[in-house]
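Student: quick check, what structure comes out for this input:
(chains A and B)
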Amino acid sequence: MASLAASSISFQPPHALATSRVSGLKLVSFMNQGRNSLSFGLRPMPARVRISCAAKPETVDKVCEIVRKQLAVPSDKPVTGESKFAELGADSLDTVEIVMGLEEEFGITVEEDNAQSIATVLDAAELIDKLCSGKSA
Amino acid sequence: MNIRCFQRNFSAAFPPLVPLQLPSPMETHLWYILPDEVKNSALLNQYSELLSPCERESVSRMRGDQLKKRALLARALVRTTIARYQTNCQMNPRSLRFRKNLYGKPEVEWRNEDNFNPPPLHFNISHTSAMIACGVTVNVPIGIDIEEKQRRTKNNIIAFAQRYFSPYEVKVLTAISDPEVQRQEFIKLWTLKEAYVKALGKGFSAVPFKTFTIRFRDTTMRNFHPPESSVSEESDIVVESSEDPTDPANNWRCALLEVAGSHYGAICMEKDRIAGENAPPKLTVWKTVPFVEDVCVSGTDAVLVLGGIIEQ
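Tutor: Numbering: from 1, shown residues only, chains lettered A, B, ... in the order given. This next block holds a predicted model:
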């Protein structure tokens, strides 16, 4: 743990969803899918820092459909917002194909740093909604 | 007497693990399991006993028995393989601890104990539904990736390459008229690019696929290798970074293999400056069933070098 003698420190950890800089006090720690970016925190943080709200149900459904098709998930196995790609058997090529399928379906471009943070159907749906609303704004 | 060593040996539940010599500098050891050959449920239970509670939980969350088995074998392979490379004494594979680096690349977390010098081991794993592989080096980072030769993409290959690969790579793929050959070359290129990114260990977003090019380059030295070494006659594999032409990609050596007749495998490792740049990297490959048997398959049909200067 660093002790902060200086009055303010500004730092941008990789993969952080938001920066935090408060003079004289503390920086917060971010956990991105279990990877510790930085730990100067003096208070516990939730496992994931979410900025966006839950995605639209129709987006989630569409993502589930694309994931199910890419991974050839048998119809008796559920695919929901909580489903993690890795747990459904996706390897890196599958994940990239899924992202490409989502780009085509929704007319968006997903940059690598965003793509890397997608672990679940819900992650993908939230990102899509964010990118789509950004487009029409 | 080394008390710690004694404690680690006291694991009555497991058969002993045959210790291994560390790879030499610029040598890769590649271990692979064929899951279809591992059916004994007592053995699978033994593997399960090796895992940390966290790993066991991850395995249980995989959807479906085949995926669970795959995840279990992957952890068992990593734990037993690394445990066997201990230089001082036999380490209990169950007591190894792992963590992820800043970017998510798995690594061993060695405990800081007196008189314990951890071996400078690096490892990386990859798996498909039909194979689990683990590459091991000393001193330098390694990345590996395997894909089934028959792997098909859902997306059109050229569309995919245009989206993710470098312009040169798109050109090379587009120039291939036979769709089957094009598909194979795509898969080979994918595994090489994945292996490079995994070797760097900084995550997909730090080195987007578009920012570097993998190319096969004919070497002029082919005719000068002594006849007794089985050095690849194929071209060298070069990584060129478009973002930093001043060279960082030249630090990396890549090799492309066909493994067990069914998979393409790519290995990427950093050059070991101390060992000498001009020594050709060596490769030794074993097919293994942890606790049961190792079969060295280097130099057999199970390992064909398709690219990269590497000696078996």
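Student: quick one, what contacts the residue nearest to residue A:129 when sequence neighbours are not counted?
Tutor: Leaving aside its sequence neighbours, residue A:129 sits nearest to residue A:55 (C-beta to C-beta, 6 or more residues apart in numbering or on different chains; 4.9 Å). The way it works is simple: take the backbone N, C-alpha and C, and place the C-beta from them, glycine included. Taking C-beta atoms under 8 Å, 6 or more residues apart in numbering or on different chains, we find residue A:55 in contact with A:81, A:122, A:125, A:126, A:128, A:129.
Student: quick one: buried residues of stretch B:160-176?
Tutor: Residues B:160, B:161, B:163, B:164, B:165, B:166, B:169, B:170, B:172, B:173, B:176 are the ones in stretch B:160-176 that count as buried (16 or more other C-beta atoms under 10 Å in any protein chain shown).
Student: continuing past the lowest-mean-pLDDT helix or strand in chain B, what's the next helix or strand?
Tutor: Within chain B, confidence by mean pLDDT, DSSP states H and E is lowest for helix B:3-9 among all helices and strands, at a mean of 44. Heading C-terminal from helix B:3-9, the first helix or strand you meet, by DSSP states H and E, is strand B:27-33.
Student: tell me how far that next one lies from the chain's centre.
Tutor: For strand B:27-33, the separation from the chain centroid amounts to 7 Å (computed by C-alpha atoms, centre = their mean, to the nearest Å).
Student: what do you get for stretch B:194-203?
Tutor: Distance, centroid of stretch B:194-203 to centroid of chain: 11 Å (C-alpha atoms, centre = their mean).
Student: can you pull out the strands in chain B?
Tutor: Ranges of strands in chain B, per DSSP state E, are B:27-33, B:98-100, B:106-108, B:121-127, B:132-138, B:142-148, B:212-217, B:236-241, B:252-259, B:263-270, B:282-289, B:293-296, B:303-307.
Student: tell me which residues in the lengthiest helix in chain B are buried?
Tutor: Longest helix of chain B, by residue count under DSSP state H: helix B:179-200. Buried residues in helix B:179-200, counted by 16+ other C-beta under 10 Å: B:182-200.
Student: what does stretch B:273-293 give?
Tutor: Neighbour counts over stretch B:273-293 (16+ other C-beta under 10 Å) mark B:275, B:280-291 as buried.
Student: any low-confidence regions in chain A?
Tutor: For chain A, the stretches with pLDDT under 70 are A:1-53, A:135-137.
Student: likewise the stretch 151-300 of chain B?
Tutor: Where the stretch 151-300 of chain B drops to pLDDT under 70, the residues are B:219-234, B:243-249, B:274-278.
Student: residues of the stretch 151-300 of chain B that sit close to chain A?
Tutor: Counting by C-beta under 8 Å from any C-beta of the partner chain, the stretch 151-300 of chain B comes close to chain A at B:151, B:153-155, B:159-160, B:163-164, B:190, B:194, B:203-206, B:208.
Student: could you redo the last one with a cut-off of 6 Å?
Tutor: Residues of the stretch 151-300 of chain B that fall close to chain A, judged by C-beta under 6 Å from any C-beta of the partner chain: B:154, B:155, B:163, B:203, B:204, B:205, B:208.
Student: cool, and the stretch 1-150 of chain B?
Tutor: Contacts of the stretch 1-150 of chain B with chain A, taken as C-beta under 6 Å from any C-beta, map to B:61, B:62, B:63, B:67, B:100, B:104.
Student: pick out the most distant pair among the residues you listed.
Tutor: When C-beta to C-beta is used, the two most widely separated members of the residues of the stretch 1-150 of chain B next to chain A are B:63 and B:100, lying 22.7 Å apart.
Student: have a look at those two and say which one is more surrounded.
Tutor: Remark: of residue B:63 and residue B:100, residue B:63 carries more neighbours, 19 against 15, as counted by other C-beta atoms under 10 Å in any protein chain shown.
Student: so how far is residue B:93 from the more buried one?
Tutor: Residue B:63 is 26 Å from residue B:93, where distance means C-beta to C-beta, to the nearest Å.
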